[in-house]
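**Q** dropping the sequence and predicted coords here.
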Amino acid sequence: MDKKIRIVGVCSSPRRGNTEILLKEALRAAEAAYPEISTEFVGLRAKEIKACYDCKACERRKADSLVEQCVLKDDWAEVVRPLVDPVPNGIILASPVYFSDVNSHMRAFMERCTSLAKPYWFSQIPFSAPDFSRTAAGGLAVGFHRHGGQESAILSILRFCVIMGMVGVGSSDPVHGPVGYYGGAAWEDVTGVSGRESVKEDAWGLFSARVVGRKVARTAIMLAKAPQVPAVSEAYVSPMESYRKEQND
Ligand SMILES: Cc1cc2nc3c(=O)[nH]c(=O)nc-3n(C[C@H](O)[C@H](O)[C@H](O)COP(=O)(O)O)c2cc1C
């Protein structure tokens, strides 16, 4: 079978540990469930990803590609390219829980994606924004504690995905209903003996990740098979534009 439906998983843990295990569980489940699915793993570990400075350079530059519109020199362009060139059918973002949210690596990765959306607002940019409207997206998180903020972290991921125009999915199994609720939620200290691989003891957490993998895969396949429906827009003048016009008249 020709594997035409591509899912990219991004793991933001700075170490090779529980989050990577959880993400790979989801990606494996996606491939096992549907023969047409192929998956790729992107690790942010040891990659330098600076926070967005809001310097606005991406609004003015004319670089060689959209991911190079951001002026910051680090590894972000390399790790984001699989999400843009070409746009995948599915995306799964996985983060360790830090202070009840995603870690700063994931946050910086997401912030920098603002440059990808700038073509919507600045017509002089010589590239189109990536069209994620047929991309299914899910989130995974691992915390030390059972209730350490996994849901907040996953919701941060889903908010980002929705803002970028993706089709966000949760983790709902046709037999069990909502398993991880918002996504794949797992914990490290399940047995009281924690370590980099102890998430392997969290059977329900691993199950919730597999559900996300299958859900993203199934939604990605459905979106890929759906007919092309043209986007309908309208001529819109923002209040700021009308104000400026008024001032100049
Ligand atoms: C700076 C920092 C903040 C953390 N905050 C939380 C937290 O709020 N809730 C929680 O359950 N675990 C927290 N943890 C623990 C990690 O989420 C946990 O160890 C996780 O398994 C790490 O994933 P990894 O093995 O993939 O690196 C924190 C860890 C660090 C380093």
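**A** Yep, that arrived.

**Q** top helix in the protein by residue count?
**A** Counting by DSSP state H, the longest helix found in the chain is helix 203-225.

**Q** quick one: it near the ligand?
**A** No. Judged by C-beta under 6 Å from any ligand atom, helix 203-225 and the ligand are separated, with a smallest distance of 10.4 Å. (C-beta placed from N, C-alpha, C; glycine too.)

**Q** hmm, who's touching the next helix or strand after that helix?
**A** Later in the chain than helix 203-225, the nearest helix or strand by DSSP states H and E is helix 239-248. The contact list for helix 239-248, computed with C-beta atoms under 8 Å, 6 or more residues apart in numbering, is empty.

**Q** can you check stretch 186-202 too?
**A** For stretch 186-202, contacts defined as C-beta under 8 Å, 6+ apart pick out 15-18, 21-22, 140-146, 148, 150, 204-206, 208-209.

**Q** what are the buried residues along it?
**A** Within stretch 186-202, the residues that count as buried by 16 or more other C-beta atoms under 10 Å are 186-190, 194, 198-202.

**Q** can you tell if it touches the ligand?
**A** Yes. Using C-beta under 6 Å from any ligand atom, a contact is recorded between stretch 186-202 and the ligand, made by 188, 196.

**Q** and the strands in the protein, which stretches?
**A** In the chain, the strands defined using DSSP state E lie at 5-11, 37-43, 90-96, 136-143, 167-168, 171-173, 177-181, 184-187.

**Q** next, the distance between the ends of stretch 120-130.
**A** The first and final residues of stretch 120-130 sit 10 Å from each other (C-alpha to C-alpha, to the nearest Å).

**Q** now stretch 132-139
**A** 16 Å.

**Q** what mean pLDDT does it get?
**A** Stretch 132-139 shows a mean pLDDT of 98.

**Q** try stretch 6-17
**A** Mean predicted lDDT for stretch 6-17 stands at 97.

**Q** the ligand contacts on this structure?
**A** 13, 15, 17-19, 96-100, 142-145, 148-149, 188, 196.

**Q** leaving out sequence neighbours, find the closest residue to R16.
**A** Distance criterion C-beta to C-beta, 6 or more residues apart in numbering; nearest residue to R16, sequence neighbours excluded, is R45 at 6.4 Å.
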